[in-house]
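Visitor: here is my input, please return the structure:
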Amino acid sequence: MIERKISSANAGDEQLKQLYQTAFPENEQIPWDDLMRLVGEMHLDFTAYYDENTLIGFTIVYPRPSFSWYWYFAVKEELRGKGLGQQILSQLIERYKGLSFVLDVESTKQNPCPNLEQRQRRHAFYLRNGFRDTNVYRWYGDIEMTMMVMGPGEFTMQDWDDIVSELRRFWTWD
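Guide: Numbering: from 1, shown residues only. Prediction:
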């Protein structure tokens, strides 16, 4: 698997943009042009993963002193379930070895929801890979998200508020 660091200057891969726009609900997305600006201004670790020249997926991490935020993680739909997401996550964990991470995923407790089975698979994937539940929840529109953490320390709503406050210094949303 080949890793390529993505910056606003080399983010012209239309497949990358399309994966971003199809892998996440619209209300969880930052508009692509704004995201590309943030990649530079916030020094986000945007990495694309390829099999030769074929895009597999990407990750965007916001490295921070306390909890680094695994912000976006996507694998092309037709490649899911083949162990590629596992390989990417393992590489990411190794890259940030010894640090604490937080990520948010669609909650399995939200009822009703249209994709409970998908949420349960995603949640189980992160649990298998060493993440644990924090019991910190938030909402994106009508989607309940749960925070999961890996590494030492307890993640609180104050930690989440700190991340959001940092983000708001660079970008605001409605």
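Visitor: tell me the contacts of the most centrally placed residue in the chain?
Guide: By Cα atoms, centre = their mean, the chain has its centre lying nearest to Tyr72, at 2.3 Å. Contact analysis of Tyr72 by Cβ atoms under 8 Å, 6 or more residues apart in numbering lists 20, 24, 58-60. Heads up, the C-betas are built off the backbone N, CA and C, glycines and all.
Visitor: what's the closest of these to Lys97?
Guide: Set against Lys97, the nearest of the contacts of Tyr72 by Cβ to Cβ is Thr59 (15.3 Å).
Visitor: what number of residues lie near that closest one?
Guide: Neighbour count of Thr59, defined by other Cβ atoms under 10 Å: 23.
Visitor: is it in a helix, a strand, or coil?
Guide: Per DSSP: H, G, I helix; E, B strand; the rest coil, the local secondary structure of Thr59 is strand.
Visitor: out of everything not next to it in sequence, what's closest to Trp173?
Guide: In space, and not counting its chain neighbours, Trp173 is closest to Ile30: 7.6 Å by Cβ to Cβ, 6 or more residues apart in numbering.
Visitor: any idea how far Asn135 is from Glu166?
Guide: For Asn135, the distance to Glu166 (Cβ to Cβ, to the nearest Å) stands at 23 Å.
Visitor: with Ser90 instead?
Guide: Distance, Ser90 to Glu166, by Cβ to Cβ: 27 Å.
Visitor: do the same with Leu103
Guide: Counting by Cβ to Cβ, the gap from Leu103 to Glu166 is 16 Å.
Visitor: neighbour count winner among the two?
Guide: Leu103 (20 against 13).
Visitor: hang on, the earlier thing: what backbone torsions are found at the residue nearest to the centre of the chain?
Guide: phi -130, psi 140 (degrees, to the nearest 10).
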